[in-house]
Structure formats: structure tokens, C-alpha cells
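[1] here you go, sequence then predicted model.
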Amino acid sequence: MSENVVEIENLVKFFDGRCVLDGINLKVPRGCIYGLLGRNASGKTTIIRILLGLEPATRGRTFLLGAESTSLSAKVHGRIGYVAEGHNLIQNYKVGRVVKLCKDLSWRWNDKFFKHLIETFRLPMDRRVRQLSIGMRAQLNLSLAMAIDPELLILDDPTLGMDTVVRRQFLELAIDVIQQQGRTILFCSHILSDVERIADRIGILAAGKLVVDCPLEELKKHVKKLRVIFPGAVPSDLYLTEIINKQVQGREMVITVANWNQQKQVILETFKPSSCTEIPMSLEDIFIECTKPNPIPLPAEKQET
Amino acid sequence: MFTLIKREIEDHIVYFIGAAVLSAILIALLTSAMYHTEPGDHSVFIGLSIPVIVVLIIGCTAMGVSQIYTDRTRKISTFLSGLPVTRGRILIARIITGILAILTVLLPLTITGMALWRLFEPPIPIYSGVIFDTFMVTFLTGFACYCIGLQTSWTSSKITPTLGGLVLTCILVPLILVKGFGLHAQVILVLFIVTSLIRTWQKFMSTAI
């Protein structure tokens, strides 16, 4: 059995002559919750669609559960739960009919768990899918994906349209799934607090490239935001490399530095600042810095190349 | 596979009802004609066969177009591809459904024809395989039209499938009139069906859904 549940090798995708994905390499190990982030139209959904064999790649190869995406068998599909962006459910079907169709086509179906989800989300079985709100559609899609006890759960912006309470329920469910040994989740979301809460590895897409691919803790460790107060005026040049952002106000300077290490710490201390305090950075802060037009490469990207 | 075929039938039930109604009307007309016309008078049958073939051609093309068109607008294949189903199975289920719809018209009609043949045996011996040949050519014609429907509806234009259906009607009707229901017509239709199915398969398997 393959150790990596998801593997992407040098993936390139062009849409109408425009390069959307430019040589993506990615590996998601078994049991990992991988949060794939990126701005709108950065190629997150395209990666997922190529992985599932819904979209052909221009170049490169992708694998899911050890099988190449272009030739995924029904058996492999049966081990993957998928919640699509916009929730691709058959709109004119009644909820009950969609459920029956999924149940009949699935290799495994955990009826007890599915009923529990339906009751939790209070989904009406007699209404047509198009009559459901976006949030209810998301819940239905998620319940269907979860009911097959998937080895790999692929969620493309799954909390889109959900209210705060339901979003919290969803996250708890996702945690439930991951707690079952060997389960892997690959998910995209624009709600970074959700990603921060459950992901243990992060990938950030910007300008068609995977600019970050590392564990969340490592990412937070390598990007530092510091408030430095000098006794006199702020030096014009700190001789620090890889400064992502710098703001100066009087004797105070706030800098964001990538790849923070001991050497940079020593360089900063030679300017004898009267105080130097670290400002905690959220994933959102790091994401904004990384998706700027010319992001500074972080260690993960250097590993890739 | 059975679930996929069942889903296709339920989604296109109107074609099956239409096929059953058409078959019932034709059986009634055929039986009535056998009882009321003079033996050897084939004018009624010839008069019936042309509109039947035209209705069959239009109906089958419409079904093929409808299957792909609803698939694309409702993103059915996208949804099904997230389940333990391959694209190949989705297309095979669709084609089997098309065949079943054509058989819904032709099978009862053929059985009735055979029964009437036995009841009203022609006064002079004629080729005994005539019913089978007629059934085969009519079936292949319907299936060829269904295939052209599947193939042409991949384009976003509504004019292409319509023109495709019309051109095919203009080719197939004279072909049957000239070649009759013999082996030649069957071979030409089989070749056409195989080519059309290969192209549809290739398109369905490789395109983004």
C-alpha cells in the first residue's frame, strides 16, 4: 500500500493558453490533514479535479491511493469521498433519490453514521436538491461523502455557505474522520481559521506555483513578525535578508522576516535594540504575505526545487 | 451497472413512454391493416413505413441529444464521477438505455409481425427472413441515429445536433429505399455505428466533465 495517498508530479495545466498550474509537486502522506490554500482562481479546484480524473492535465502525472488519476477504477473511487465546490448534486432529484443512488453505487455505506448526520443537519429527504439552501446542500454533500467511510476525503471549499454553528459541526466531523486511523483529508478553504484549526500540513498556491508545502507548525516557526524598539532612530539598513514587510514609526519598527534563524537574530542584536518582541502571526497573516505578487521563497519551496 | 441503467431510464422515462405508445399504435394499425386489406396489397405497409422510419430517426436522435445535454447542464457525470463509478460505465449504461428504448418500439412490433405472419401466411412463398431483416435494419437505423445524437450534442451549439439529425435522415431514408432491408444496408449501418461510438467514447473519456 502506498505511503503517500496523494502524489502530484510536475503538474502543468493550461487553460486557453494561460498557465494555471506551473510544475506542481505535492505529496500527502497517509493520515495527514492537508490544507491547500490560495487566492481565487489560483488553481486549487483544478488540482482536485485533475486528481479525480475530471479534468485532463496538460503535463505531469497525478496519483490517488497509488492509482493514476487518468485511470481510476471504480474500486479506488469507492475509497474516496469528494465534496465538490458548489456541491455538484443533481438539482432536480429529491434528496431521498440522491441518497439512494449514492447508497446503491457505493461499495461501503455506513447507514448508521449517515442517519446520524442527516439527523444532526436536519436534512429533509422529501425536498428537491434545488430547493435546499447552499448550506443544506453542503451538508448533504458532506454527509454523502462521509457515509462511505472514505480512506481519503477530498473537500473543495466544503464550508462555503454554512453558518457558524454548522461550520463548527463540520470541523468536528472532519476531526472525527481523521481520528479513525489511516484516514487522510485534502481540503481547500478560504476560511483560514478553519484550516488552522484542523490542518497539520499546509500548501499555498500562488501564481501557479506551490510556494509553501510544509507542516503548519514549521511554517509558523519560519516566518517571524517582530516589534523592535531602538534607543535612537531606526537604522536605515538592518542587513537582514528576506524581509517580507517593514513598517517604521519613530523609534519603533515592525518587520516580517522569512526563514528566521539564529544568524538573523545575531545580526539584529548588533544594532542593540532596547526591546525586541515577537508578534504572534496567524495563518491568515502568513497567507497574505505568501500570496503577494513576489513572495519570498520559504524553506519548503527550496526543498521542492 | 443496473443502478446506472435504472437512473438513465427514470431520467428519460418520457422516451420510453413515447416508444411504448408508438409501438402500441403501430401494432394496432398493423393488425387492423392485416384484417382489412386484400391479400397481396402492400400499399398500406409502404405508406406506414416511411413516417415510422422518420419518427424513429427523430426520436432516437432526440434521445441521444437529450442524454448528453441533460448530463452537461445538470452535471450528472461530474456528480457520478465522485462515486465509485468510472466514466466508461456511465457511457455504457447510457448506450444500453438507448438500445432498450429502441427495442421498446421494435420488439413488440416484431413479435406481432411474426404472429401475424403465421396467422396470415402469404399465398405465394416469400423470403422467410424478411421480418428479421426488417427488424435488424430498423433497429440499426434507430441506433445509428441515437449514436449521432450522442456524438453531436457534445458541442454547445444547438444547430449542429439538429443539422446532424437532418443530414442523417436525408442519407438513411434513401439508403433503405435503395438498398432495402438486406445485408448491404446492415453492414453500412454497423460501420457507421462503430465509427460514431468510437468517437463518442473517445470524447467522453477525455473531455473535462
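    Nice, thanks for sending it over.

[2] taking chain B, what residue is nearest to chain A?
    Across chain B, no residue is closer to chain A than B:P84, which sits at 3.4 Å (C-beta to the nearest C-beta). Placement of C-beta: from N, CA and C, glycine included.

[3] that residue: how many residues sit nearby?
    Counted with other C-beta atoms under 10 Å in any protein chain shown, the neighbours of B:P84 add up to 22.

[4] would you list the phi and psi of it?
    When read as degrees, to the nearest 10, the backbone of B:P84 gives phi -70, psi 70.

[5] and A:A147, by the same measure?
    The phi/psi pair for A:A147 (degrees, to the nearest 10) is phi -60, psi -20.

[6] surely it meets A:C102?
    Yes: the pair A:A147 / A:C102 is scored as a contact, 7.4 Å apart, by C-beta atoms under 8 Å.

[7] list the residues that contact both of those two?
    Shared contacts of A:A147 and A:C102, defined by C-beta atoms under 8 Å, 6 or more residues apart in numbering or on different chains, comprise A:W109.

[8] by mean pLDDT, point me to the weakest helix or strand of chain B.
    Sorted by mean pLDDT, DSSP states H and E, the helices and strands of chain B end with helix B:159-179, the least confident at a mean of 72.

[9] got a list of contacts for it?
    For helix B:159-179, the external contacting residues (C-beta under 8 Å, 6+ apart) are B:50, B:53-54, B:57-58, B:61-62, B:65, B:137, B:141, B:144-145, B:148-149, B:151-153, B:155, B:185, B:188-189.

[10] same question for stretch B:202-209.
    Contacts to stretch B:202-209, defined as C-beta under 8 Å, 6+ apart, come from residues A:49, A:54-56, B:75, B:77-78, B:81, B:87-88, B:90-91, B:151, B:154.

[11] buried among the residues you listed? Need that as a selection in ChimeraX.
    With 16 or more other C-beta atoms under 10 Å in any protein chain shown as the burial test, the buried ones among the contacts of stretch B:202-209 are selected in ChimeraX as follows:
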select /A:49,54,55 /B:75,77,78,81,87,90,91,151,154
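
[12] widest-spaced pair of the contacts of stretch B:202-209?
    The span of the contacts of stretch B:202-209, defined through C-beta to C-beta, is set by A:R49 and B:Q151 at 24.2 Å.

[13] what residues are up against B:T200?
    So B:T200 contacts B:L91, B:C147, B:L150, B:Q151, B:W154 (C-beta under 8 Å, 6+ apart).

[14] centre of the chain to the host helix or strand of B:I90, how far?
    Per DSSP states H and E, B:I90 falls inside helix B:87-119. Relative to its chain's centre, helix B:87-119 lies at 8 Å (C-alpha atoms, centre = their mean, to the nearest Å).

[15] again with stretch A:138-156
    16 Å.

[16] dump the residue contacts of A:W107.
    For A:W107, the contact set (C-beta under 8 Å, 6+ apart) comprises A:A74, A:K75, A:G78, A:R79, A:I148, B:P84.

[17] where exactly do the strands run in chain A?
    A:4-15, A:18-29, A:33-38, A:59-64, A:67-68, A:80-83, A:152-156, A:184-188, A:201-206, A:209-215, A:224-229, A:243-249, A:252-257, A:275-279 (DSSP state E).

[18] check B:W117 and give its pLDDT.
    On pLDDT, B:W117 comes in at 75.
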